[in-house]
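Student: when you get a sec, could you give me coordinates for this:
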Amino acid sequence: MGWRGISKLPLMVDTSAYPTETQTPQTFGIVTVTNTSATLAAVRAMLPAIKPYSDIRQSIVERENVGEGTVTLALELKHVGTKFVVR
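Tutor: From the prediction side, this is the model:
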């Protein structure tokens, strides 16, 4: 059971608006919450898995809002092109 009866945050990413390689990285704020360990743990547990296209790497970043006592969780998208590993 999630925070206040929500098991997963109802988030949707508009895939038609994914950034191109020249427009990355892009960061989209999801939610700003009080900076307490209990609140952050509850929100982390409620974040849904977001699967972008194969050439887009996604990660959730947390940014402390200094002086406000809050933390903003955001979805960060980065373009991942072809990689060559030479050994």
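
Student: which stretches in the protein count as strands?
Tutor: 26-34, 56-65, 70-79 (DSSP state E).

Student: quick one: mean pLDDT over the shortest one.
Tutor: Averaging pLDDT along strand 26-34 yields 82.

Student: now do that strand: which elements does it pack against?
Tutor: Helices and strands touching strand 26-34, by 3 or more C-beta pairs under 8 Å, 6 or more residues apart in numbering; DSSP states H and E, are helix 37-46, strand 56-65, strand 70-79. All C-beta atoms are positioned from the backbone trio N, CA, C, and that covers glycine.

Student: ditto for the second one
Tutor: Under the contact criterion of 3+ C-beta pairs under 8 Å, 6+ apart, strand 56-65 touches strand 26-34, strand 70-79.

Student: give me the angle between it and strand 26-34.
Tutor: 40 degrees (axes from the mean of the first three to the mean of the last three C-alpha atoms, to 10 degrees).

Student: from Val61, how far off is Lys8?
Tutor: Here the criterion is C-beta to C-beta, to the nearest Å. By it, Lys8 lies 19 Å from Val61.

Student: to clarify, my last question referred to Thr72.
Tutor: 9 Å.

Student: so those two - more neighbours on which side?
Tutor: Comparing Thr72 with Val61 by other C-beta atoms under 10 Å, the one with more neighbours is Thr72, at 17 against 13.

Student: what is the more buried one paired to in the beta sheet?
Tutor: Thr32, Arg63 (DSSP bridges).

Student: got the contact list for it?
Tutor: Gly29, Ile30, Val31, Thr32, Glu62, Arg63, Asn65 (C-beta atoms under 8 Å, 6 or more residues apart in numbering).

Student: and the fourth one, how far is that from Leu47?
Tutor: With distances taken as C-beta to C-beta, Thr32 is found 14 Å from Leu47.

Student: and if you look at the third one?
Tutor: Val31 sits 9 Å away from Leu47, going by C-beta to C-beta.

Student: same question, Phe28
Tutor: In terms of C-beta to C-beta, Phe28 sits 13 Å off from Leu47.
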